[in-house]
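# Fold the following.
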Amino acid sequence: MPSPTPIKIGIAGLGAGAMNMIPELHAHPYAVIAAAADLRAHALDRFRSDFGKPAFASVEEMCAKADIDVVYVMTPDAAHAEHAIVAAEHGKHVMLDKPMGQTLDECDRVIEAAERNGVHVLVGHTQSLDPPVLKMAQIAASGRIGKPVMLHTMLYSDWVYRPRTPEELMQDRGGSIIRRQGPIQVDILRMIGGGRLRSVRAAASIADPDRAIDGAYTAFLAFEEGHSATMVYDGYAHFDSSELTYGFTMGGMPYDPAAHAATRARSAGFADRAAEEAFKESTRYGGSQRRPIERTPHAEARQPFFGLTLVSCEHGAMRQTPAGVAIYGDHGIEEVALPDHARRYTAVEVDEMHRAITTGSPLRVHDARWGKATQEVVLAIIASSAQGREVYLEHQVPYTGMEVD
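Prediction:
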C-alpha cells in the first residue's frame, strides 16, 4: 500500500500553465508544494509569500538546493527536455508537461537520463488522465463491449486567439497547435485504442495570416490491430464543441457564447504584439490578475471535457457524460457513474507518481517511453501534412493501463 507521506514537489516554471495546475496540486493530500524556479523575480516573490517555501532563479539551483522529491516541469516547450534531464541528473523524479521533447532525440536523452539515475518520468498535464477517459480505456481493454473498431475525438475552441507571446505566434518556436494540443488527443486515442499506432495521415491549416500558426488539423490514425481513429481540432473560435458536451467547457465552467466570441475580438484589439504579451504576463503566476491558488467551487462539481470523444466497439459504443461514461450496448444504454468524475488530471498524476515512489513500482501510465511514442505521432502529423503522405511509426508502445473505480 502507498505511504500516506506526501511527496515534496518543486515547480519549474510559474507561467500561465502552472496557474492551471497549482490549485489542484495545492489541494492534494499526497503532495506538498515545496519549492519553485522561474526567471521572473516578482513571480518568485509571490511564491515565497503564498507558500513560505524557497524559490530559485534556475531549475538547476532548485534541484541542487531544495528539499524536493519531484520536479514538475512547466517551463516553455523548448526547455522541457533540458529541465527534465537536469532534474534526473540530480536524482529527482519528474512530472513533465507535454510535449516531452521537441524531437525524438530529445525524448531519448530524457529516457537515458531517467533510466541511468533510476527516477520516474511521468509525461502528463494532459486531459487524457481525467477519470472518464481512463474509464473508457479500461472498458475498451476489458473487452466488455468487444474490441475497439473506430475512435473519434474532436475539439473546437478559441485556442488560436488566446493571448500569446511573440514566440508562441511563430510556427517553429512553440506556436504550433499540433505540438501543443495534439499530444492530448493522441494520448486519449492511444490509451483507448491500446497504444500501438501503425501510421498517420494528416492535414493542417493556417486560416488567419495575422496569426501564422497552424490552427486546425485533421488526422487519420491506423492501429496495429486494424482499428482506426480520427482526431480533429479547430482553434479558430467560430464554434465551441462545449455546445455538444452538456454546455461545460474544458475547465468545467458553463459555456458562454459571448465570452467565447470576446476572446477572438480581444486578440484583434491589442495595439501590437507587445500589448498582447503584456496581457498574457498578467495571467501568469505573480501577474496583476492574481488568480487564486485555491480550487474554485466549479472544479469540485463539473466534469471537464476536452472536446467530444466517441468510441465504437464490436458490441457497443461509449462516450463521456457529466457523471462518468455512457455505454450504448446491444441491450440498451448503461450509465457508468464515477464518484471522482470531476477530478482533474493533475490529481491523477500526483496519485500515480506518489504510488510509484512510495511502493517502488513502475508507473502504470504515461511513462517516458509512452511520452516518446506520443511525440512520435505528433511529429508524424506535422510531417504528413507537410509532405502529403502517410507516415509510418516505429516507436509505439502498448497501453498497460490503470483501473478506475
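
# burial count for L39?
11 (other C-beta atoms under 10 Å). C-betas here are computed from N, CA, C, even on glycine.

# do the same with F270
15.

# contacting residues for the closest residue to E225 other than its chain neighbours?
Distances taken as C-beta to C-beta, 6 or more residues apart in numbering put G194 closest to E225, at 6.4 Å, once the chain neighbours are dropped. Applying C-beta atoms under 8 Å, 6 or more residues apart in numbering to G194 gives the contacts A140, A141, P148, F223, E225, P398, Y399.

# again, 7 Å this time
F223, E225, P398, Y399 (C-beta atoms under 7 Å, 6 or more residues apart in numbering).

# what's the closest of those residues to L379?
F223 (18.1 Å; C-beta to C-beta).

# What's opposite the closest one in the beta bridge?
L197 (DSSP bridges).

# So for it, what's the pLDDT?
We have a pLDDT of 98 for F223.

# likewise R273?
The model's pLDDT for R273 equals 84.

# Can you get me a residue count around the residue lying closest to it once chain neighbours are set aside?
Excluding the flanking residues, the one nearest R273 by C-beta to C-beta, 6+ apart is P166, at 5.3 Å. Look at P166: counted by other C-beta under 10 Å, it has 12 neighbours.

# Distance of the residue nearest in space to the middle of the chain relative to L310?
The chain has T126 as the residue nearest its centroid, 2.0 Å off, counting by C-alpha atoms, centre = their mean. Look at T126 and L310: by C-beta to C-beta, to the nearest Å, they are 19 Å apart.

# For the residue nearest to the centre of the chain, give me its contacts.
With C-beta under 7 Å, 6+ apart, T126 has these contacts: K98, P183, I184, D187, Y345.

# Show me which of the residues you listed is closest to T359.
For those, the nearest to T359 is Y345 (21.0 Å; C-beta to C-beta).

# Need the per-residue pLDDT for the closest one.
Model confidence at Y345 (pLDDT) stands at 86.

# show me what contacts it?
Y345 touches G124, H125, T126, Q127, L129, D130, counting by C-beta under 7 Å, 6+ apart.

# Can you lay out those residues as JSON lines showing distance to A55 and pLDDT?
Rendered in JSON lines, the data for the contacts of Y345 read as follows (distance: C-beta to C-beta, whole Å; pLDDT from 0 to 100):
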{"residue": "G124", "distance to A55": "23", "pLDDT": "90"}
{"residue": "H125", "distance to A55": "21", "pLDDT": "82"}
{"residue": "T126", "distance to A55": "26", "pLDDT": "86"}
{"residue": "Q127", "distance to A55": "29", "pLDDT": "90"}
{"residue": "L129", "distance to A55": "28", "pLDDT": "92"}
{"residue": "D130", "distance to A55": "30", "pLDDT": "91"}
